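> sharing a model that was predicted from the sequence below.
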Amino acid sequence: MKGDVFHILNRGVEKRAIFYNEKDRLRFIYGLYDFNDANYAFPYPYRCKTRSLGHATSEWIGRERKELVDLLCWVAMPNHSHNLIQEKIDGGGSIFSKKIFGGHTKYINEKYQRSGVLFQGRSKIIKVERDPHFFYLPFYILANPIKLIEPHWKERGIRNMKKAVDFLENYPWSSFLDVIGKENFPLLVNKDLFYEIFQTSEKKFKKEFFEWLESYTGTPLGRATSKYS
């Protein structure tokens, strides 16, 4: 329903990779913008063939759009992705999910001459209740890349905080940099709405996010976000 917040999660089949190189990731990120439009169908599968990360935000050309959702935050991991959205039209989250994952599957299958499914099934589209755990959900989503350098941090806590923070600040495949004020893919997320919904600001979010991480130094991740994983 319009105004509802949803957490959209999908994983590669058998937890396999859903990206094979940087161009595949860029193509997926373009999709987060392109497919967030009721009037837009699957684009040419090699759209990002010659585009680099540096050009990705500057070459999007404005056109009349009918957005399905407001994208609040996102992360693309090697074998799965998380997207936190607020619906702009009834059912917008479901339509958006089908388009981004269907479009990415089509792109990968055509580019690599493969067939069959890429993702393990239908996306999880979880309505987010505004309970005490609600405000921690962006932290959980945006901290996901830490798993690439500390695979068991959620169970055992973070062993090297400096390394974890440095890694997050150099990981380009999420909205983390944008919401802490370091432009990365600024056209994707509605930062003002993000700050409004989560009752925060650029400066406050950065402070609270790192405080939250520090609270798990050597301590397992609590139950606050487990319902959304």
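Received, thanks. Numbering: from 1, shown residues only.
> distance of the residue lying closest to residue 130 once chain neighbours are set aside from residue 126?
Here the nearest residue to residue 130 in space, its sequence neighbours aside, is residue 5; by CB to CB, 6 or more residues apart in numbering that works out to 7.8 Å. All C-beta atoms are positioned from the backbone trio N, CA, C, and that covers glycine. Residue 5 is 10 Å from residue 126, where distance means CB to CB, to the nearest Å.
> who's more crowded, the two?
Just comparing residue 5 and residue 126: by other CB atoms under 10 Å the higher neighbour count belongs to residue 5, 21 against 17.
> that one and residue 128 touch, don't they?
Yes - taking CB atoms under 8 Å as the contact criterion, residue 5 and residue 128 are neighbours in contact, 4.4 Å apart.
> residues contacting residue 20?
Residues counted as contacts of residue 20 (CB atoms under 8 Å, 6 or more residues apart in numbering) are 108, 112.
> does it belong to a helix, a strand or coil?
Secondary structure assignment for residue 20 (DSSP: H, G, I helix; E, B strand; the rest coil): coil.
> check contacts around residue 193.
Taking CB under 8 Å, 6+ apart as the definition of contact, the neighbours of residue 193 are 70, 72, 86.
> most neighbours among those, which one?
Top of these by neighbour number is residue 72, holding 26 neighbours under the definition other CB under 10 Å.
> just confirm that residue is within a strand.
Yes - secondary structure of residue 72, determined by three-state DSSP: located in a strand.
> and residue 86, that's in a helix?
No - the secondary structure assignment for residue 86 gives strand rather than a helix, going by three-state DSSP.
> could you find the closest non-adjacent residue to it?
What sits nearest to residue 86 in space, not counting adjacent residues and going by CB to CB, 6+ apart, is residue 70, at 4.6 Å.
> for the one you found, what are its contacts?
Listed by CB under 8 Å, 6+ apart, the contact set of residue 70 reads 85-86, 88, 190, 193.
> residue 124 pairs with what?
residue 9 (DSSP bridges).
> that one against residue 81, yeah?
No - using CB under 8 Å as the test, residue 124 is too far from residue 81 to be in contact (11.1 Å).
> what touches both of those two?
Where contact means CB under 8 Å, 6+ apart, the residues bridging residue 124 and residue 81 through contact with each are 9-10.
> what does the longest helix along the chain rub up against?
Assignment by DSSP state H gives helix 92-111 as the longest helix of the chain. Where contact means CB under 8 Å, 6+ apart, the residues beyond helix 92-111 that reach it are 2, 4, 6, 8, 10, 18, 20, 24, 27-28, 31-32, 34-36, 38, 40, 42-43, 45-46, 67-69, 83, 85, 87, 114-119, 123, 125.
> so how far is that helix off the chain centroid?
14 Å (CA atoms, centre = their mean, to the nearest Å).
> buried sites along that helix?
When neighbours are counted by 16 or more other CB atoms under 10 Å, the buried residues of helix 92-111 are found to be 92-97, 99-101, 103-105, 107-108.
> pull the CA atoms of it into CSV?
Taking only C-alpha atoms (Å, rounded to 0.1, in the frame of the first residue of the first chain), the coordinates of helix 92-111 have been written out as CSV:
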residue,chain,number,x,y,z
GLY,A,92,4.8,-0.7,-6.2
GLY,A,93,7.3,-2.8,-4.2
SER,A,94,6.2,-6.1,-5.9
ILE,A,95,6.4,-4.6,-9.4
PHE,A,96,9.8,-3.1,-8.7
SER,A,97,11.1,-6.4,-7.3
LYS,A,98,9.9,-8.4,-10.3
LYS,A,99,11.5,-5.8,-12.7
ILE,A,100,14.9,-5.5,-11.1
PHE,A,101,15.4,-9.2,-10.6
GLY,A,102,13.8,-10.3,-13.8
GLY,A,103,15.8,-7.7,-15.7
HIS,A,104,19.0,-8.8,-14.1
THR,A,105,18.4,-12.4,-14.8
LYS,A,106,17.7,-11.6,-18.5
TYR,A,107,20.9,-9.5,-18.7
ILE,A,108,23.1,-12.3,-17.1
ASN,A,109,21.5,-15.0,-19.2
GLU,A,110,22.0,-13.1,-22.5
LYS,A,111,25.5,-11.8,-21.7
